[in-house]
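**Q** Structural data only, the sequence is not supplied:
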Ligand SMILES: Nc1nc2c(ncn2[C@@H]2O[C@H](COP(=O)(O)OP(=O)(O)OP(=O)(O)O)[C@@H](O)[C@H]2O)c(=O)[nH]1
């Protein structure tokens with residue numbers, strides 16, 4: 001996975017720093033130098049790396065941090081924030097509205113994956129009920145129109161192009177006009193790939209933009225772009241008003257740092273990433289979960305991701321719930337969350353579900369876009385999860401509620417600046433009860449705090465899906481998803497994946513659904 005090596009090097013540097021008995025200026029500098037080296041080796045632009053180092057040093061002023069502050073966490077958080085800042089310019093991109101015609105123009109270097117990505121983008125929206133259409137304004141590359149036509153036909157997306165017309169501006173205007181008349185709400189214009197030196201092609205791109213007045217220009221960038229990233233992306237930015245970035249080929253093994261530099265140059269948010277050649281190997285990009293995964297920081301990524309994907313994308317959220325939480329527990333969990341009850345107990349139950357699903361590495365690998373390389377310390381994560389649940393086991397219900405109160409208090413009133421409130425005796429008691437060192441208890445609470453914070457900002461007031469929506473969810477399950485929620489014993493009984501697929505086919509032909517099947521086995525929510 002792209003950037004995996006960088007993520008690994010940074011997490012190792014943080015880990016080494018954490019192992020030091022005292023965190024002083026020397027230890028911090030060593031850690032930052034290590035991170036700098038890793039970023040430069042991954043092709044991140046020098047200026048960006050230098051700025052990042054300066055910013056972290058500004059934020060983490062060791063002299064000003066009173067004893068009792070968790071310096072390790074503060075440094076880790078500063079590094080995390082800086083990486084997020086590189087990837088997130090802080091302004092959202094234009095968001096098209098369903099039912100209202102928007103023109104989206106794709107630009108990028110030759111071979112960056114524009115044509116493939118145009119179709120992926122159209123297909124992604126089509127699945128969500130949009131009416132997309134594709135216009136091939138690439139008259140430069142022989143075969144470009146054929147490629148787009150082939151992709152579009154496969155995905156049943158209307159397209160427009162010409163074998164004879166050589167003027168891309170004319171094709172773009174005609175295509176956009178036609179699809180506006182046909183009430184398409186997402187008109188995607190694919191353009192020729194170009195290189196910084198090709199002035200005439202840049203002029204042509206500018207003219208296409210001028211003629212079609214796109215609502216959004218998406219810069220498509222290959223993640224293996226390397227050191228050339230800065231100059232190339234700047235050339236595009238200067239010619240057209242780039243509003244968003246899609247990074248392709250994230251499934252490869254490129255160093256990927258160039259992509260970070262290019263994002264910083266265009267000052268536009270990354271909205272999707274391409275994770276393979278296939279039409280559905282395409283993911284919405286969220287900065288925080290991505291950087292968390294990169295650094296292996298939140299070992300509870302799936303849980304965190306549930307909350308991160310929260311309000312904005314209901315279907316994404318449901319998918320995640322679906323993957324992590326057993327089917328019969330889903331309605332109860334959603335009910336609790338919608339009431340604003342993100343308790344330690346809920347966190348506990350989520351952890352237990354994760355543990356039941358097998359080795360953490362495998363659980364993670366089920367998640368879209370996740371690469372096992374990102375979790376080199378899978379066993380450690382598993383062990384940590386177990387320790388956390390043991391700690392929570394040693395709390396009484398009352399204790400869990402009290403803990404909850406204290407943490408919300410800290411979160412909202414004091415912003416975690418008064419460690420005295422989190423009484424030492426309470427932590428010591430829990431540590432003794434669970435047989436874990438007090439630091440482990442603090443870590444667990446920190447994890448909880450992160451989740452609760454995201455929860456409060458995103459999940460409160462969540463609309464619970466109606467029964468009919470839940471049924472639709474069950475119906476939409478495929479055999480692979482179903483195999484994850486069925487008990488292993490049962491899966492064996494029906495002949496493994498092959499048997500399950502056959503059974504689901506049969507159920508489908510008689511109008512049955514995954515929900516009916518769960519009902520048949522006595523496991524579904526009815
Ligand atoms: N592995 C992988 N391959 C990809 C991805 N996106 C695109 N590709 C491949 O990259 C190659 C180039 O993709 P195209 O879509 O033709 O690129 P383009 O930017 O339209 O090319 P030009 O029109 O010449 O500029 C093709 O072989 C694609 O299958 C991705 O996310 N992962």
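**A** Sure thing, it's come through. What you see is a predicted model; the values in this text were computed from it and never measured.
**Q** For the chain, what lies in contact range of the ligand?
**A** Within the chain, the positions near the ligand by Cβ under 6 Å from any ligand atom are 108, 110-116, 138, 141, 144, 193, 248-249, 251-252, 274-277. Where C-beta positions appear, they are placed from N, C-alpha and C, glycine not excepted.
**Q** Write the PyMOL selection for whichever of those are buried.
**A** One line in PyMOL is enough to select the buried members of the residues of the chain next to the ligand, burial here meaning 16 or more other Cβ atoms under 10 Å:
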select buried, resi 108+112+113+114+115+116+138+144+193+248+249+251+274+275+276
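**Q** Among the residues of the chain next to the ligand, name the ones in helices.
**A** 114-116, 144 (DSSP state H).
**Q** Need the phi and psi values for residue 174.
**A** Main-chain torsions, residue 174, degrees, to the nearest 10: phi -60, psi -40.
**Q** Next, count neighbours for it.
**A** 16 (other Cβ atoms under 10 Å).
**Q** Who are the contact partners of it?
**A** Contacts for residue 174 (Cβ atoms under 8 Å, 6 or more residues apart in numbering) come out as residue 160.
**Q** Would you check how far apart it and residue 267 are?
**A** Plainly put, residue 174 is 33 Å away from residue 267 if you go by Cβ to Cβ, to the nearest Å.
**Q** what's the answer for residue 154, then?
**A** For residue 154 relative to residue 267 (Cβ to Cβ), the value is 35 Å.
**Q** Now the closest residue to the ligand within the stretch 201-350 of the chain. Nearest residue, chain neighbours left out?
**A** Residue nearest to the ligand within the stretch 201-350 of the chain: residue 274 (2.6 Å; Cβ to the nearest ligand atom). Closest residue to residue 274 apart from its sequence neighbours, by Cβ to Cβ, 6 or more residues apart in numbering: residue 248 at 3.7 Å.
**Q** and the one you found, what are its bridge partners?
**A** residue 222 (DSSP bridges).
**Q** these two touch, right, it and residue 224?
**A** No - the criterion here is Cβ atoms under 8 Å, and residue 248 misses it with residue 224 at 9.3 Å.
**Q** all strands for the stretch 1-150 of the chain, in order.
**A** 102-108, 132-137 (DSSP state E, counting those that start in this stretch).
**Q** Give the rounded mean pLDDT of the last one.
**A** Per-region confidence: strand 132-137 scores 96 on mean pLDDT.
**Q** Show me the shaky parts of this structure.
**A** 1-2, 65-70, 196-197, 289, 292-294, 296-389, 391-427, 430, 433-495, 499-526 (pLDDT under 70).
**Q** For residue 14, give me its contacts.
**A** Contact analysis of residue 14 by Cβ under 8 Å, 6+ apart lists 31, 75-76, 79, 295.
**Q** Mind doing that once more with 6 Å?
**A** residue 76 (Cβ atoms under 6 Å, 6 or more residues apart in numbering).
**Q** which residue ranges form the helices in the stretch 1-150 of the chain?
**A** Per DSSP state H, counting those that start in this stretch, the stretch 1-150 of the chain has helices spanning 4-19, 25-41, 46-59, 71-87, 114-127, 144-154. These are given in chain order.
**Q** Run a quick neighbour tally on residue 146.
**A** Residue 146 has 12 neighbouring residues, counting by other Cβ under 10 Å.
**Q** ok, the residue nearest to residue 274 touching residue 113?
**A** Yes - counting by Cβ atoms under 6 Å, residue 248 does reach residue 113; the two are 3.6 Å apart.
**Q** hey, what's in contact with both of these two?
**A** residue 274.
**Q** ok, residue 123 to residue 243 distance?
**A** Distance, residue 123 to residue 243, by Cβ to Cβ: 21 Å.
**Q** Sorry, wrong one. I was asking about residue 63.
**A** With Cβ to Cβ as the criterion, residue 63 and residue 243 are 42 Å apart.
**Q** Over to residue 209?
**A** Counting by Cβ to Cβ, the gap from residue 209 to residue 243 is 11 Å.
**Q** Walk me through the domains of this structure.
**A** Per automatic domain parsing, the domain ranges recorded for the chain read 4-87, 102-289, 298-458, 468-520.
**Q** Find the closest residue to the ligand in the protein.
**A** Closest point on the chain to the ligand, by Cβ to the nearest ligand atom, is residue 193, at 2.0 Å.
**Q** okay but that residue is in contact with residue 113, surely?
**A** No - contact criterion Cβ under 6 Å: residue 193 and residue 113 do not qualify, at 9.4 Å.
**Q** which residues does the residue nearest to residue 162 when sequence neighbours are not counted contact?
**A** Leaving aside its sequence neighbours, residue 162 sits nearest to residue 171 (Cβ to Cβ, 6+ apart; 5.6 Å). Residues in contact with residue 171 (Cβ under 6 Å, 6+ apart) are 137, 162, 165.
**Q** Next, residue 171: secondary structure please.
**A** helix (DSSP: H, G, I helix; E, B strand; the rest coil).
**Q** Same check on the one 5 residues further on?
**A** Secondary structure of residue 176, reduced to three states by three-state DSSP: helix.
**Q** since we're on residue 228, how many residues are nearby?
**A** Neighbour tally, residue 228, other Cβ under 10 Å: 15.
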